[in-house]
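Chemist: Return atomic coordinates for the entry below.
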Amino acid sequence: MTSDLLKLLPPSLRQDPVLEAIAEAAEIQLKQTYQEAKVVSNLVNIDEMPGELLDLLAFEKHVDFYEANLPIGQKRKLVKSSISLHRKKGTPAAIHLVFNKLALDSKLKEWFQYGGEPYYFKIEVNIKDKSVSEETLNSLIMMINEYKNIRSHLEKIEVFFTTNGKTQVGSCSIFGEDISVFPWQITNIDTKGIYRFGLGQQFFDTTTIFPKGGI
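Modeler: The predicted structure follows:
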């Protein structure tokens, strides 16, 4: 296979096996350097950055809790969240980001929320259906101390367990009424008929007839 770099040499040097090997080796190195330079030129694309360059970028950005032996996925996550964490250091928002980083269902309660001593706070950890190891709790304490403000002090960590279940509630209503039925009685009688009225008059005259000549 003829090297592209070897094509740039004059014909008199292309036949030299030593120069041919040097040209092929140099071309491999140049291509690799070009790929690395292409990646470095775009530091925003963390997902495409190789592990070696990711370690250098983490050192430059002072990424907290970054270790070279961490899985590559966790390294990328730490580098991505580093700038946001540095901006929010010393605020409750930074502590909540710690909860998300450790995948803990936790709440921050400041002293005035539970009647504690001024400038103290506590952490409530709900373990739900999974346990929390001592290593995780130690990491939680270490990260809290790193991101909290200097004035505030962690008083305690309360770990409690909750379960979720279904509660079925049923109800029934019965309605009734008493009806008293008495014997049938006539209360009102309506009658209908035809009324006929008649009127009669009788007149009598009395006539006395005497014999002729008078009495």
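Chemist: Pull out the buried positions in stretch 19-37.
Modeler: 20, 23 (16 or more other C-beta atoms under 10 Å). For the C-beta atoms, the positions are set from N, CA and C on the backbone; glycine is no exception.
Chemist: And that stretch, how far out from the chain middle?
Modeler: With C-alpha atoms, centre = their mean, to the nearest Å as the basis, stretch 19-37 stands 51 Å off its chain's centre.
Chemist: quick one, helices of the protein?
Modeler: For the chain, applying DSSP state H gives helices covering 11-14, 17-40, 51-60, 72-88, 92-101, 111-114, 134-147.
Chemist: on contacts alone, who are the packing partners of the last one?
Modeler: What it means is helix 134-147. On a contact count with 3 or more C-beta pairs under 8 Å, 6 or more residues apart in numbering; DSSP states H and E, helix 134-147 meets helix 92-101, strand 120-126, strand 153-160.
Chemist: now the angle between strand 120-126 and it, please.
Modeler: Angle, helix 134-147 to strand 120-126, by axes from the mean of the first three to the mean of the last three C-alpha atoms, to 10 degrees: 140 degrees.
Chemist: Show me what counts as buried in helix 134-147.
Modeler: Quick answer for helix 134-147 (16+ other C-beta under 10 Å): 137, 139-140, 143-144, 147.
Chemist: Of those residues, which pair is most distant in space?
Modeler: Across the buried residues of helix 134-147, the longest distance by C-beta to C-beta is 16.0 Å; it joins 137 and 147.
Chemist: re the thing from before, using a markdown table, lay out the buried residues of helix 134-147 together with distance to residue 77 and pLDDT.
Modeler: Shown next, in a markdown table, are these (distance: C-beta to C-beta, whole Å; pLDDT from 0 to 100):
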| residue | distance to residue 77 | pLDDT |
| --- | --- | --- |
| 137 | 21 | 84 |
| 139 | 15 | 82 |
| 140 | 17 | 85 |
| 143 | 14 | 85 |
| 144 | 19 | 88 |
| 147 | 16 | 86 |
